[in-house]
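Student: model the structure of this input:
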Amino acid sequence: MKNLKGIFFDLDGTLVDSKLNFTLIKEEIGINQDQPILEYIDTLEDQDQIKSALDVVAFHEEQGALNSVIIPGVSEFLEILTMKGIPTAIITRNSKSVALKTVEMHALPFEHIITREDFPPKPDPSSLNHLLELYKLQPNECCYIGDYIFDLQAAKNAKVKAGLFLNEKNAQFKKDSDFSFTCFFELQKLLF
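Tutor: Residues are numbered from 1 along each chain as shown. Take a look at the predicted model:
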């Protein structure tokens, strides 16, 4: 873990807390709580239903960006990565406009912000594979850090190390990660 050459991140729940209420979003769309939102919308054929569901998602994502707070230790950790010259990027299931707004609000130093509009959403590994090619890195030289099972699955699918930012709701995913941490100061000790 000490010699990583590329460290990539999820956005919501990892770098910022956007306080998104997925239970409410799913209720408003009218889907089961165990169904992933974007995958459900992909199954819809009725254009009005699709638009309605996307409007719900867009509204909540927009509110999430406006209400988001940076997670303690993130700025300091990203500063270290910049000083060490380690390539970084964000891969999120958010829309491009919301991701850019969030990054700008918190002055997060990322050149590459990949959203669901750029590549198929996680757990599809296309976005991570793109970054490996872009930076000319091997999978074993990189990690992807997130807070949800889709993040860990995307990492595994791209054969990069899977890091889990632990919170009070995601301990069940620890078994699917290569490493986990509860704060960015702990991550700093793990990696450097």
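
Student: so who does the residue nearest the centre of the chain touch?
Tutor: The C-alpha lying nearest the average C-alpha coordinate of the chain belongs to Asp10 (CA atoms, centre = their mean; 1.9 Å). Contacts of Asp10 were listed using CB atoms under 8 Å, 6 or more residues apart in numbering, and they are 90-92, 122, 144-148, 151. Placement of C-beta: from N, CA and C, glycine included.

Student: nearest spatial neighbour of Ala58, skipping sequence neighbours?
Tutor: Closest residue in space to Ala58, ignoring its immediate chain neighbours: Ser95 at 6.7 Å, by CB to CB, 6 or more residues apart in numbering.

Student: the one you found and Asp55 touch, don't they?
Tutor: No: the pair Ser95 and Asp55 does not pass the contact test of CB atoms under 8 Å, sitting 11.8 Å apart.

Student: neighbour-wise, which of those two wins?
Tutor: Counting neighbours by other CB atoms under 10 Å for Ser95 and for Asp55 shows that Ser95 has the greater number, 18 against 12.

Student: ok, that one - contacts?
Tutor: Taking CB under 8 Å, 6+ apart as the contact definition, Ser95 lies against 57-58, 61, 115-117.

Student: may I see the buried residues of stretch 16-33?
Tutor: 16-18, 20, 25-26, 28-29, 31 (16 or more other CB atoms under 10 Å).

Student: between those, which is closest to Lys136?
Tutor: Lys136 lies nearest to Val16 out of the buried residues of stretch 16-33, by CB to CB, at 29.1 Å.

Student: select the longest helix from the protein.
Tutor: Once the chain is assigned using DSSP state H, the helix that runs over the most residues is helix 47-67.

Student: now the next helix or strand after it, how far from the chain's geometric center?
Tutor: Once helix 47-67 ends, the next helix or strand along the chain (criterion: DSSP states H and E) is strand 69-70. Centroid displacement of strand 69-70 relative to its chain, using CA atoms, centre = their mean, to the nearest Å, is 14 Å.

Student: contacts for whatever helix or strand comes next after strand 69-70?
Tutor: Past strand 69-70, further along toward the C-terminus, the next helix or strand under DSSP H and E is helix 74-84. Counting by CB under 8 Å, 6+ apart, helix 74-84 makes contact with 7, 15-16, 88, 107-109, 184-185, 187-188, 192, all of which sit outside it.
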